[in-house]
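Visitor: Generate coordinates for the sequence data below:
(one chain, ligands or ions: 2)
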Amino acid sequence: MPRKIIIDTDPGVDDTMAIFFALCSPELEVIGLTTIFGNVHTELATRNALRLLEIAGRTDIPVAHGADNALTGPFEGPVPFVHGSDGQGDIFLPDPAGAPADISAAQFIVEQLRAHPGEITLVPVGPLTNIALALRLEPRITEWVDQVVLMGGNALAPGNASPAGEANIRNDPEAADLVFGADWSVTMVGLDVTHKVHMKPEDIAEYETHGNAMSDHIIRILPHYRNYFESSYPAQGIFVHDSSAIAYLLDPSLFETKRWAIRVGTQGLGRGKTWPAFGKHILPAWQNRPLVNVCVGVDGPRLVALEAERLRKA
Ligand code: BDR
Ligand code: CA
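Guide: Ligands and ions are numbered 1, 2, ... in the order given. Here you go, the predicted structure:
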């Protein structure tokens, strides 16, 4: 039986790769995409999610539109210099033929978890607002979910949206603090590992040989994203963020993990930083918090090869 997942996403170039990676993996059954602001505004994230499912030939999968703003304030704005103004590397796809479901992302998450208790893993690869809203709507989802495996955060590594914070968490730190504090199993696949997963120019070039719609789309959208990385980091190619969460679902042995309570900085320069509590003497702010499974090590080349293998067979 494949494992049911809901991907909560802000597509986004690397979100696109993660969605396609999941769709090409027989161990996983994507039962819905829920959308969120981050790389783009939520309205565009929803249109991109619909477009991606059309490219993949999977219009049977529902898309539910999520929150337009963070829990406590307005969305600070998209990042066209990373993902393009269309979130798809400035290739400007035609409008999707389909439409989103007529319930919100949070309602969709609650309804699906209620209908399939113990069977669904939530895979957020954007800001955690929809997940926090679902928790508020129905706190029993912590009993109904299988696990939460998210891309976001930085326990030991520096941030990317600021020196302190990773982009997904920094876009809604209050939501993230609720998600890390809820009584469910959370795995954090953050910059501690994703900045060690390096897709090199030769790995990217291999996608050109696949000859299928998903790999062809990846090849079209990657140049803009790759330019951003190559102008920001001393490496050629890209780091693999959102697909690393999918890889964790497929093969957790790729990762080394630690179990730490996590609090999220919500103030000042430290806004968006995920702070782990170490050692025996835990300060009150971290006490009585569940332990989060934090990825701290990864076999990057094996992960990159796994994703390419799945897309090659798409
Ligand atoms: C995360 O932020 C977004 O730009 C990416 O899609 C990824 O989810 C990386 O920090
Ligand atoms: Ca993302």
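Visitor: So which residues make contact with the one helix or strand Glu29 maps to?
Guide: Element membership of Glu29 [criterion: DSSP states H and E] is strand 28-35. The contact list for strand 28-35 (Cβ atoms under 8 Å, 6 or more residues apart in numbering) reads 2-11, 19, 22-23, 42, 45-46, 49, 53, 58, 61-66, 100, 105, 108-109, 112, 116, 120, 130, 246, 249-250. Backbone N, C-alpha and C define where each C-beta goes, glycine included.
Visitor: what's the answer for stretch 266-276, then?
Guide: Counting by Cβ under 8 Å, 6+ apart, 152-156, 159, 161-166, 169-171, 173-174, 176-177, 180, 188, 190, 258, 260-265, 292, 294 sit against stretch 266-276.
Visitor: from those residues, which would you call buried?
Guide: With neighbours counted by 16 or more other Cβ atoms under 10 Å, these contain buried members at 152-155, 159, 161, 164-166, 169-171, 173-174, 176-177, 180, 188, 190, 258, 260-265, 292, 294.
Visitor: Among those residues, which ones lie close to ligand 1?
Guide: Residues of the buried ones among the contacts of stretch 266-276 in contact with ligand 1 (Cβ under 6 Å from any ligand atom): Glu166.
Visitor: Ligand 1 contacts on the stretch 151-300 of the chain?
Guide: For the stretch 151-300 of the chain, the residues found near ligand 1 under the criterion Cβ under 6 Å from any ligand atom are 151, 160, 166-168, 241-242.
Visitor: So what's the residue count around Ala101?
Guide: As a burial measure, the neighbour count of Ala101 was computed by other Cβ atoms under 10 Å and equals 15.
Visitor: How about the residue of the stretch 151-300 of the chain found nearest ligand 1: what's its closest non-neighbour residue?
Guide: In the stretch 151-300 of the chain, the residue that lies nearest ligand 1 is Ala167 (3.6 Å; Cβ to the nearest ligand atom). Taking Cβ to Cβ, 6 or more residues apart in numbering as the measure, Ala167 lies nearest to Ala161, with 4.0 Å between them; neighbours along the chain are not counted.
Visitor: count of residues packed around Ala97?
Guide: Burial of Ala97, expressed as a neighbour count using other Cβ under 10 Å, amounts to 9.
Visitor: Trp150 looks like it's in a strand, true?
Guide: One correction, residue 150 is Leu, not Trp. Yes: according to DSSP: H, G, I helix; E, B strand; the rest coil, the state of Leu150 is that of a strand.
Visitor: Just list whatever residues bridge to the residue nearest to it when sequence neighbours are not counted.
Guide: On the basis of Cβ to Cβ, 6+ apart, the spatially nearest residue to Leu150 that is not a chain neighbour turns out to be Pro124, at 4.5 Å. In this entry, Pro124 is beta-bridged to Asp8, by DSSP bridges.
Visitor: before we move on, the earlier item: I'd like to know how far the residue of the stretch 151-300 of the chain closest to ligand 1 sits from Ile109.
Guide: Remark: distance between Ala167 and Ile109 (Cβ to Cβ, to the nearest Å) = 22 Å.
Visitor: Between the two, point out the one with more neighbours.
Guide: More crowded of Ala167 and Ile109, by other Cβ under 10 Å: Ile109, with 30 against 22.
Visitor: and that one, what element?
Guide: Counting by DSSP H and E, Ile109 is part of helix 105-115.
Visitor: Helices of the stretch 151-300 of the chain, start to end?
Guide: Applying DSSP state H, counting those that start in this stretch to the stretch 151-300 of the chain gives helices spanning 167-170, 173-181, 191-194, 201-207, 213-232, 242-250, 300-312.
Visitor: list the buried ones in the last one?
Guide: Applying a neighbour-count criterion of 16+ other Cβ under 10 Å, the buried positions in helix 300-312 are 300, 303-304, 306-308, 310-311.
Visitor: Name the residues of the protein found near ligand 2, please.
Guide: 10, 12, 15, 125-126, 242 (Cβ under 5 Å from the ion).
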